[in-house]
Structures are given as C-alpha cells and as structure tokens.
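In: Sharing a model prediction with you, sequence too.
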Amino acid sequence: MKHLLIALVCAAALAGCSSEYIISTNDGQMITTDNKPKLDPDSGMYIFEDAEGRKQAIPATSVKQVMER
C-alpha cells in the first residue's frame with residue numbers, strides 16, 4: 001500500500017511538470033502543443049511538437065500569441 005501511494009505521488013508530480021500551450025495564429029488557427037514552443041532566432045520560426053508528437057515549425061510572423069493552458 002505504501003508503494004502505491006509513493007507511485008501516485010510521483011506520477012502526480014511528473015504530470016505537473018509539463019504544461020500544454022496553445023499557439024494562436026494570425027489566421028485564427030489554434031495549435032495545441034505539449035511543451036513551450038521555442039523561437040529559433042536564425043530561422044525566425046517557432047519549433048514545437050504537436051499533440052501527436054510530430055516536430056513542427058511555424059513562422060514567427062504568423063503567430064499572434066502563445067498561451068499556457
């Protein structure tokens with residue numbers, strides 16, 4: 001029973017570490033990501049993983065807002 005309680009506490013702590021973000025684009029799209037998108041200054045693109053785990057990029061000029069959910 002003690003091991004189950006410890007496992008549940010660890011799982012809850014890990015779940016709290018990752019945040020979901022929403023990228024709002026100028027044309028009205030809402031893109032959900034599991035991690036905070038990173039702006040690549042060399043290319044001017046936001047790099048992120050989409051909800052299905054695929055690596056994506058979007059031009060910073062197309063992004064209206066990045067919000068933490």
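Out: Good, I have the coordinates.

In: Relative to Tyr21, how far out is the residue nearest the centre of the chain?
Out: With distances taken as CA atoms, centre = their mean, the chain has Asn35 as the residue nearest its mean C-alpha position (2.5 Å). Separation of Asn35 from Tyr21 (CB to CB, to the nearest Å) stands at 7 Å. C-betas here are computed from N, CA, C, even on glycine.

In: shaky segments in this protein?
Out: Counting by pLDDT under 70, the chain shows low-confidence ranges at 1-18.

In: swap the cut-off to 50 and go again
Out: Of all residues in the chain, none has pLDDT under 50.

In: Can you work out which residues contact both of Asn35 and Tyr21?
Out: When CB atoms under 8 Å, 6 or more residues apart in numbering defines a contact, the residues bordering Asn35 and Tyr21 alike are Phe48.

In: Next, the residue nearest to the centre of the chain: phi, psi?
Out: Main-chain dihedrals, Asn35, degrees, to the nearest 10: phi -130, psi 160.

In: Could I get the contacting residues of it?
Out: By CB under 8 Å, 6+ apart, the contact set of Asn35 is Ser18, Ser19, Tyr21, Phe48, Glu49.

In: go again using 10 Å as the cut-off
Out: Ser18, Ser19, Glu20, Tyr21, Phe48, Glu49 (CB atoms under 10 Å, 6 or more residues apart in numbering).

In: And it, how close does it get to Asp27?
Out: For Asn35, the distance to Asp27 equals 23 Å [CB to CB].

In: likewise Glu49?
Out: Distance from Glu49 to Asp27, by CB to CB: 21 Å.

In: what about these two, which has more around it?
Out: Taking other CB atoms under 10 Å, Glu49 and Asp27 do not tie; Glu49 has more neighbours (13 against 7).
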